[in-house]
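# okay, structure incoming, though there's no sequence with it:
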């Protein structure tokens, strides 16, 4: 290696170079193309932070709590299609990271989490800030490592990126004891890093594609049910989905995680499927004769009552994870593949067969009848701002801009999914599987760090956002002009709604007294605060938020007792949605026991 | 294209009508730290049963270990167990020994029996029938080593019970498939 001149010091020429473990971390991150990471220092990661100190090519965003670093890395990953990277110290740093790791696991977000660990000779002694990080994260990460030999470190880092970003993406944790960070060893480049036991299948089998095409050719009531897998597969997958839809004319619905893969403005867009999805989408799912599931996993929020789920349909399931096949719903044609590869094969097969665009006019006529129900309609503002109206106005005033949306979890999340519409993938970041209150604000930090000039809005609830409120400080420090748009109804709205539905309006501990003055709080952080409680002023104030060149907390005071509808009550099938008003007797005894 | 019946789900599952089967799975894994924890953790996290478990490195050069798990579950559950095991990064292969029909299963047990007089003679006589070997003896006790199918060991222990059975240590099931090929 010493024959190289300085000008030859490309990343690959570092292969075989001697350096410390901490330097290997930074070198490997650079080689993996990491330009941004999120973290919080502490005793067990000081050597890595020291190596980072003199590294200009990696932007480090200093969060206020490690959970924030994890969610920010998720937001970064989901909005860029790249791998998110988070760095935390041992013990509490690692345990604080458990929620975002689990969140990324549930939503299949590629993320590499690096944690410091106490020196190897202290492991197992209950040392200061020691915890069994690999033990704790074993069941919530896609894979994890404890690196005890510096000569294994570089390979492990590259392997972690390979595993996080390939197959079904997910979080990978690398726990590095402090002495390993200090030790000197030999760096290896990413080329040739290979894990024999890890070989995800990405190309569909020919016969599965053939079977699917046979069904598609004869379907009279088809529906494409797409999910986060299409987004994860890259923008090419969304493009192919659109082309396949154009060739077939099949109507399209999507899970919460898949919004944006298909344009919401398209006439064959049915809206979101599931518990708070569109009436037309849920009825189409129920009544279809062919369901083509692309990169979704028949989550319980989507299926409703399993025994009554789409009883008359044949089902094709495209998924990169074989364990998703037949896990919840038996399917007729499993296609184990990357969404992009499967969509490409279906599109090419459809064209090769010279199949005409089928006549789906009866089916579409039926869909129009469902659509005419106008399930997302809501009453006029009656003094107070309706939360749906607030999201709708936010959409109208930001849709023509370069906008990214994140959310927290609860009613506001569902209103955002219903009333904010997406034309492109990677524009919508939300915690779907784990349902993590407190996801949206740090995710917005991560998105904004990746897209400095874009408009990044966290549609939030006043309860969720307080779980991570401190990250406003991160946004201010790093000049990340995120907009936190709080639909403030003073209630944990979804909890309150379920208490109304299931517990006879006994609102046990779901009302937040002593809420902070969010405007003053914004000012205390050095951000800008705006409050609005008048529908007539809403547009002007939203414009003020957009035009403000810095982080904004927008306290949008909304109608307090608004319910999030329509809704499939738990235990009910898709075609029994609650549309207008909750009466309190929609859910039967079995349904009450569900979540 | 025959349609399968729609299954019960995470919520709605009613296992009452589904028949539980017993299966022996051989799981070939990279012998890296924590790999057993991953496999066992998967079973507990997803509510699967482990009836017996054995593990040892079987190929030092390749760092390959073989974990043999005896589990029970419905057909749907067993299908999931296999798929979920294969999701684990260090898992190279899962072989369903029971389903393959060519599987051989063996277990080894060490059985301590204490007693004097007639019961002691009887214990020795039964041990001979079962081809158990005496590997330790005192004036008042034997330790037998017995190998065979799990049922044979169960039966042996049952017969030893009235004769002064003190303690049993079992390896759990080991398995391999017949024929010339690996895996």
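It's in. The shown structure was predicted, so the numbers you read here are calculated from the model rather than taken from an experiment.

# name the nearest residue to residue B:20, sequence neighbours excluded.
Sequence neighbours aside, residue B:72 is the residue nearest to residue B:20 in space, at 5.1 Å (criterion: C-beta to C-beta, 6 or more residues apart in numbering or on different chains). Yep, even glycine has a C-beta here, placed from its N, CA and C like the rest.

# list the contacts for the one you found?
Listed by C-beta atoms under 8 Å, 6 or more residues apart in numbering or on different chains, the contact set of residue B:72 reads B:20-23, B:49, B:51.

# so where do the helices sit in chain B?
B:35-45, B:75-87, B:97-100, B:118-129, B:150-160 (DSSP state H).

# among the ones you listed, which is nearest chain A?
Closest to chain A of the helices of chain B, according to C-beta to the nearest C-beta: helix B:75-87, at 3.6 Å.

# which positions in that closest one come out as buried?
Residues of helix B:75-87 classed as buried: B:76-87 (neighbour count, 16 or more other C-beta atoms under 10 Å in any protein chain shown).

# is that helix anywhere near chain A?
Yes: counting by C-beta under 8 Å from any C-beta of the partner chain, chain A is contacted by helix B:75-87 at B:76, B:79-80, B:83-84, B:86-87.

# would you reformat those as TSV and include pLDDT?
Shown next, in TSV, are the residues of helix B:75-87 next to chain A (pLDDT from 0 to 100):
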residue	pLDDT
B:76	92
B:79	95
B:80	96
B:83	97
B:84	97
B:86	97
B:87	96
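
# now the closest residue to chain B within the stretch 151-300 of chain A: how far from residue B:39?
Evaluated by C-beta to the nearest C-beta, the stretch 151-300 of chain A has residue A:197 as its residue closest to chain B, separated by 4.3 Å. According to C-beta to C-beta, to the nearest Å, residue A:197 stands 13 Å off from residue B:39.

# with residue A:474 instead?
39 Å.

# in the helix or strand of chain B with the lowest mean pLDDT, which residues are buried?
Each helix and strand of chain B was given a mean pLDDT (mean pLDDT, DSSP states H and E); the minimum falls on helix B:97-100 at a mean of 90. Within helix B:97-100, the residues that qualify as buried by neighbour count (16+ other C-beta under 10 Å) are B:97-98.

# ok, stretch A:568-587 next?
A:568-575, A:577-578, A:582, A:586-587.

# how distant is that stretch from the center of its chain?
Using C-alpha atoms, centre = their mean, to the nearest Å, the mean C-alpha position of stretch A:568-587 is found 27 Å from that of the whole chain.

# so how far is the first residue of it from its last?
End-to-end distance of stretch A:568-587 (C-alpha to C-alpha, to the nearest Å): 10 Å.

# check stretch A:240-258 too.
Terminal-residue distance, stretch A:240-258 (C-alpha to C-alpha): 14 Å.

# sorry, back to before: export the helices of chain B to TSV and append columns for distance to residue A:388.
As requested, the helices of chain B are arranged in TSV below (distance: least, C-beta to C-beta, whole Å):
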stretch	distance to residue A:388
helix B:35-45	39
helix B:75-87	40
helix B:97-100	54
helix B:118-129	79
helix B:150-160	63
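
# domains for chain B, by residue range?
B:17-100, B:104-177 (automatic domain parsing).

# report the beta-bridge partners for the residue nearest to residue B:82 when sequence neighbours are not counted.
Among residues not flanking residue B:82 along the chain, residue B:94 sits closest, at 5.0 Å (C-beta to C-beta, 6+ apart). Here residue B:94 sits in beta bridges with residue B:27, going by DSSP bridges.

# related to what we said a few turns ago, of residue A:474 and residue B:39, who's got more company?
residue A:474 (28 against 23; other C-beta atoms under 10 Å in any protein chain shown).

# give me the buried positions along stretch A:299-311.
Buried residues in stretch A:299-311, counted by 16+ other C-beta under 10 Å: A:299-310.

# which ones among those map onto helices?
Among those, the ones falling in helices (DSSP H) are A:300-303.

# not counting its neighbours along the chain, what's nearest residue 177?
Using chain A. Closest to residue A:177 by C-beta to C-beta, 6+ apart is residue A:117, at 4.3 Å.

# try chain B instead
residue B:102 (4.7 Å).

# how many other residues sit next to that neighbour?
Residue B:102 has 11 neighbours, counted by other C-beta under 10 Å.

# and what of residue A:147?
25.

# for chain B, see how far away it is.
To chain B, residue A:147 is 10 Å away according to C-beta to the nearest C-beta, to the nearest Å.

# and the pLDDT at that residue?
Looking at residue A:147, its pLDDT is 98.

# angles on the backbone of it, please.
phi -100, psi 120 (degrees, to the nearest 10).

# my read is that it contacts residue A:178, right?
No: taking C-beta atoms under 8 Å as the definition, residue A:147 is not a contact partner of residue A:178, at 11.6 Å.

# who touches both of the two?
With C-beta under 8 Å, 6+ apart, residue A:147 and residue A:178 have no common neighbours.

# in the lowest-mean-pLDDT helix or strand in chain A, what's buried?
Of all helical and strand segments in chain A, the minimum by mean pLDDT, DSSP H and E falls on helix A:589-592, at a mean of 72. Neighbour-count burial for helix A:589-592 flags residue A:591 (criterion: 16+ other C-beta under 10 Å).

# before we move on, the earlier item: select, out of the helices of chain B, the one closest to residue A:258.
helix B:75-87 (21.4 Å; C-beta to C-beta).

# strand partners of the lengthiest strand in chain B, parallel vs antiparallel please.
Among all segments of chain B classified by DSSP state E, the strand with the greatest residue count is strand B:103-114. Here strand B:103-114 has these sheet partners by DSSP bridges: strand B:141-148 (antiparallel), strand B:165-170 (antiparallel), strand B:174-177 (antiparallel).

# least reliable of these going by mean pLDDT?
strand B:174-177 (a mean of 94).

# residues contacting it, please?
B:24, B:26, B:54, B:68, B:95, B:97, B:100, B:102-108, B:183.

# my guess is residue A:18 meets residue A:188, correct?
No: counting by C-beta under 8 Å, residue A:18 does not reach residue A:188; the two are 11.7 Å apart.
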